[in-house]
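Colleague: Task: produce atomic coordinates for the following.
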Amino acid sequence: MSDNIIITISCGTDNTNRSTRGLHLATVAHKEGKQVTVFLLDEGVYLAKKGMCTHVKAATGDSADDLLTYLQAHQIPIIVCKPCAAARHITEEELEEGTRLGTAAELIHLMSDAGTINL
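Modeller: As a prediction, this is how the structure comes out:
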């Protein structure tokens, strides 16, 4: 089994439980010693826009903002789908620190050698 974990999150402020859960699972995987990458697509790209996570919480009380801060502090790669961001008029300058734009080809490459969790 691979120690690489890719977590794809396709929901954002439209489903705060699922989007926060994705960031939570990334945090847990990192704490378990896994090599984690988060890939945001579709509505999930809003999680990488500066200030958007501030009020995103799961029903469990987990805060997307706190989880994102943990991932940033531990330099977990957070990749934002470039065409998904462009379709939502999110520019690279508007992205949170530690996030970057990426492509579907990059996601496929990453997934070829990793366990994947899709939310």
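
Colleague: can you pull out the strands in the protein?
Modeller: Ranges of strands in the chain, per DSSP state E, are 4-9, 35-40, 78-81, 99-102, 115-118.

Colleague: gap between the second one and the chain center?
Modeller: Read that as strand 35-40. Remark: strand 35-40 is offset 6 Å from the chain centroid, using CA atoms, centre = their mean, to the nearest Å.

Colleague: Could you do the first one as well?
Modeller: Its chain's C-alpha centre lies 8 Å from the corresponding centre of strand 4-9 when counted by CA atoms, centre = their mean.

Colleague: which of the residues in that strand are buried?
Modeller: Across strand 4-9, burial judged by 16 or more other CB atoms under 10 Å covers 4-9. Just so you know, the C-beta spots here come from the backbone N, C-alpha and C atoms, and that holds for glycine as well.

Colleague: One more: the second one?
Modeller: Of all the residues in strand 35-40, those buried under the rule 16+ other CB under 10 Å are 36-40.

Colleague: Check stretch 46-57 too.
Modeller: Applying 16+ other CB under 10 Å to stretch 46-57 flags 46-49, 52-53, 56-57 as buried.

Colleague: So what's the gap between it and the chain middle?
Modeller: Put simply, stretch 46-57 sits 11 Å off its chain's centre (CA atoms, centre = their mean).

Colleague: change the start of the numbering to 345 and stick with it
Modeller: With 345 as the first residue, the last one maps to stretch 390-401.

Colleague: Between the two ends of it, what distance do you get?
Modeller: Using CA to CA, to the nearest Å, one end of stretch 390-401 lies 14 Å from the other.

Colleague: Check the protein for its longest helix and report it.
Modeller: Scanning the chain for the longest helix, with DSSP state H as the assignment, gives helix 360-375.

Colleague: one step back: export the buried residues of strand 348-353 to CSV and append columns for pLDDT and distance to residue 428.
Modeller: Output for these, formatted as CSV (pLDDT from 0 to 100; distance: CB to CB, whole Å):
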residue, pLDDT, distance to residue 428
348, 92, 22
349, 93, 21
350, 95, 16
351, 96, 16
352, 96, 11
353, 96, 11
